Every structure is written in C-alpha cells, then in structure tokens.
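[1] below is the sequence, then the predicted model.
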Amino acid sequence: MTTTTEARPRSGRLMFNKVPEVTIWFWVIKILCTTVGESFADWINMKLGVGLVNTAWIFTAVFVVVLAVQLRLKRYVPFPYWLTVVVVSVTGTLYTDILTDQLNVPLWISSAVFSVLLAVVFGTWWLRERTLSIHSVTTLPRESFYWLAVLVTFALGTATGDWTLELTGWSPGASVLLPLGLIAAITALWRFRANPVLSFWLAYILTRPLGANIGDWLASPKVAQPGEPTGLALGTFTTSLIFLGLILATVVYLTVTRSDVSETYEAAHATGDPRRERVALAGFGLLAVATAGLLVWAHGQPHVGPAPEEDNTSAVQMAPGEAVKKFPPAKVAALKALASTSLKDARSGNAKGAHAAAQSLRDLWDADQASLQPLDQTGWTSIDAQMDKMLKTFGIDHSNPPMSPAQQEKELNALLTDMG
C-alpha cells in the first residue's frame, strides 16, 4: 500500500523523502512498534510503579528529544525513524490512558475528540501543502505535520480499540480479528485503485488496535476474573523484550538492504483513476456501515463486562490478614503503603491526592495479579472484592461519581484491615 498525490512545497528546505517506502516491512514493523507501545507503557506504569502521569511526562520528554534528532536528518534513516515511531506509540497510548483512567473521560468521547483533532491536522496540512502523501515528506513543515498526525493516530487508535473492547466484551485474542479484517478489506480496495492516501491513513490507524490487542493477548494471564482479559501470560516485560528484539532485527535488515528507501520520481508522482477512486470510496462507506452494524450486534449479545457492580460484594469473608498470608510480604507492604496514603489524604481533605493514590493502588494490584492469584485464589478474590468496593467510592473503574470522603475512608479502612 503506497501513497501518491504530489504538490509543490510552499516553503521550507527541500530534503530527500523522510518516510520509508510502504512495503510489507513497513506494516510489519509498524505493528511491532504498536505492540511495544501497549506492553512497554503498561510495564513502566504498573510494574515499576512510576504512575500513569509520570510515565506520560517521561515519554513526552523522550519524544521531544528523538523527534528533534529525526527532524535534523536530511533523508530517511531507519533507526532514528523507527525509534521515533516506538516512542510516539507509547506516548500516544499514555495520553488516551490518562483521559480514560485518570480523568474518567468515556472512551466514546475520547474517540470523538481525537477524530476531530486528526481531521483538523489533516485539514491544516492539506490547506498549507496541498498534499497528504507520505511520498512528499520532503520539507520540515510537512514532516512536522506528519509526526503530529502519527501521534494523534496512535491516541485515536487506542481510544477506538479500547472502546470496541468495552462495547463487545471480546477477549484480546478475538479482538485481533476485527482490525485485521478491516485492514485486509482496505488493502483489497487499495488494489482496486482506491485513493492511496486515504487507504494508507485508515490502515495506519487500524494497526494501533491490532498491535495493542496482540500485546494484551500475549501479556494477559491465562486465568482472570470474569470480564478481565486472558492470554498467554508472557507478561508485559517479556512481551516488550520480544517485540523490541524483533524491531531491532528488522531495522538492522532495512538499514543494510535499504529495501524500504523510496526517493524516485515515479513513487511521488503516480496518478490514480478517478472513477475507481469514487467506487472504492463507496466501498469504504459500506465497510464503515458494516463495521458499525457488527459492533451494535456484538454489544447486544450476552457478554461479561468489566467489573460488574455487585459481583464482588458476596465474596468470601476472611479474618484480618488471612487473605494475604501466602503473598510476599514486600508486595503486601507496597499495597498497604498506597492504601494508607490514600486514607491519609482522604482524611485531610486532599481529594486529588487520595484519588491518585487509589489509582496507583489499583494499578499495582492489577500488575501483581499474575503473581499473587496463583498463590492463593481465595485470598486474592477476597482482597479483590474489597479493592473493587474501595475503587467504586472514588469512581475508578465504575461509572458513578466519587462518593463522600467518609465512604472512601470506610472502604480504605476495611481494605487495610483485610491486609492485616
């Protein structure tokens, strides 16, 4: 799948094309980068306990640095280009996660906002440069528009992908099939001579939920609570290492062979077939309608949603400290420290601090599930039930607004009592 449609640059220093040729290697490494964006962000945020906002700040700074290096180059070079893609994939994912998990913005709103933002980016890019073709990324303004569009596509792909899972209740493994099928359909329309620029960007957006679902499927535990994802239990760290290794191997191959370098006149100036483009555009419309119909149908089917409101309230009751008796003391201490911080902030009237500590507690508990649950299924279920009650008082993972500080204190005290 390649892109065409060239226009003379309005301004800026002319360079060789800064984007690789869109071959099968482009899509392979793009999906690898997307999977890393999902798994590596989760690993740093949850496993290392850095926290969602802090992780976002770190990767925003890294993104600025690697993008500055990329923009200074005069032609496409595989390593800095794909390093920028990896970093922007993590950064875009984190921005959506902050809206969803930290600010409690519904996924459908995030999807709508990022869709409008992407349209604004494309519209401004087109009005200024009269082309959206990646074969014409030959000036600094065009490359700046390109990377801004890439950042927004990752955020949009994250939001729409997570919204799809929320609507359908599909597992990560099953969810791979939808973006994969849509990409196959877009490829077929492109081969029919659909507009290559539109085909490229649609496929580019869809690789985000495809790669993310692959990452979730590989990293998620084999056994989980109803409504939680299951997978191959490789963990986020192992998944990240595997895919970073594959990315490095692919980049080395491309650097040596230069098989993805496109600097020819023909690549940038190919012309399309207007009649076929119009027919294919109708095909894209039908594909969108069919996808919407599938999601509506799937949403109406019986499925287990995430964290049902009443399911955990009847969990097994255990004596104080009994539920965590078989868990590593260091992990229990870390959980209790966050619960105590949240309780302290709730008592002092620091609602923002209490909410942030509760969110970090949830993240750490979820990250430790794969190691703690097999040690004591009954104890884990008991703590998980009380954890869910506590999170509900903050409106975390639940649709209700935050409850009163007194209610939050009550459930935090109960959780601390259960953990001994």
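    Cool, the structure landed. Numbers count the residues shown, from 1 in each chain.

[2] distance of the spatially closest residue to residue 343 that is not a sequence neighbour relative to residue 101?
    In space, and not counting its chain neighbours, residue 343 is closest to residue 412: 4.3 Å by CB to CB, 6 or more residues apart in numbering. For glycine as for every other residue, the C-beta is placed from the backbone atoms N, C-alpha and C. With distances taken as CB to CB, to the nearest Å, residue 412 is found 19 Å from residue 101.

[3] which of the two has more neighbours?
    residue 412 (28 against 16; other CB atoms under 10 Å).

[4] list the buried ones in the longest helix seen in the chain?
    Counting residues, the longest helix in the chain under DSSP state H turns out to be helix 140-168. Neighbour-count burial for helix 140-168, counted by 16 or more other CB atoms under 10 Å, picks out 140-143, 145-168.

[5] give the contact list for residue 145.
    121, 124, 125, 128, 129 (CB atoms under 8 Å, 6 or more residues apart in numbering).

[6] and the pLDDT for the fourth one?
    It refers to residue 128. In this model, residue 128 is scored at 93, pLDDT.

[7] quick one, phi/psi of it?
    Backbone geometry at residue 128, expressed as degrees, to the nearest 10, gives phi -80, psi -40.

[8] that one and residue 139 touch, don't they?
    No: using CB atoms under 8 Å, residue 128 makes no contact with residue 139, being 10.5 Å away.

[9] could you list the low-pLDDT ranges of the stretch 151-300 of the chain?
    Across the stretch 151-300 of the chain, the stretches falling below the confidence threshold (pLDDT under 70) are 223-229, 262-272.

[10] can you show me the helices along the stretch 51-200 of the chain?
    In the stretch 51-200 of the chain, helices defined by DSSP state H, counting those that start in this stretch lie at 52-72, 78-97, 107-129, 140-168, 172-175, 177-191, 196-219, listed in chain order.

[11] ok, and what's touching the shortest one?
    Surrounding helix 172-175, the residues in contact under the criterion CB under 8 Å, 6+ apart are 161, 164-165, 168, 209, 213-214, 216-217, 220, 229-231.

[12] so for residue 71, what pLDDT did the model give?
    94.

[13] so it touches residue 140, yeah?
    Yes: with contacts counted by CB under 8 Å, residue 71 reaches residue 140, the gap being 6.5 Å.

[14] how much space between residue 91 and residue 120?
    Separation of residue 91 from residue 120 (CB to CB): 19 Å.

[15] okay, the two: which has more neighbours?
    residue 91 (24 against 12).

[16] how much space between that one and residue 323?
    The spacing between residue 91 and residue 323, counted by CB to CB, is 38 Å.

[17] again with residue 273
    As for residue 273, its distance to residue 323 is 67 Å (criterion: CB to CB).

[18] more crowded one of these two?
    residue 323 (26 against 13).

[19] from the chain's centre, how far out does the longest helix of the chain sit?
    Centroid separation for helix 140-168 versus its chain: 9 Å, with CA atoms, centre = their mean, to the nearest Å.

[20] before we move on, the earlier item: is it true that the residue nearest to residue 343 touches residue 341?
    No: under the criterion of CB under 8 Å, residue 412 is not in contact with residue 341, lying 9.8 Å apart.

[21] can you tell me the SS state at the residue sitting furthest away from the middle of the chain?
    Within the chain, the residue lying farthest from the chain centre (CA atoms, centre = their mean) is residue 319, at 39.5 Å. Following DSSP: H, G, I helix; E, B strand; the rest coil, the label given to residue 319 is coil.
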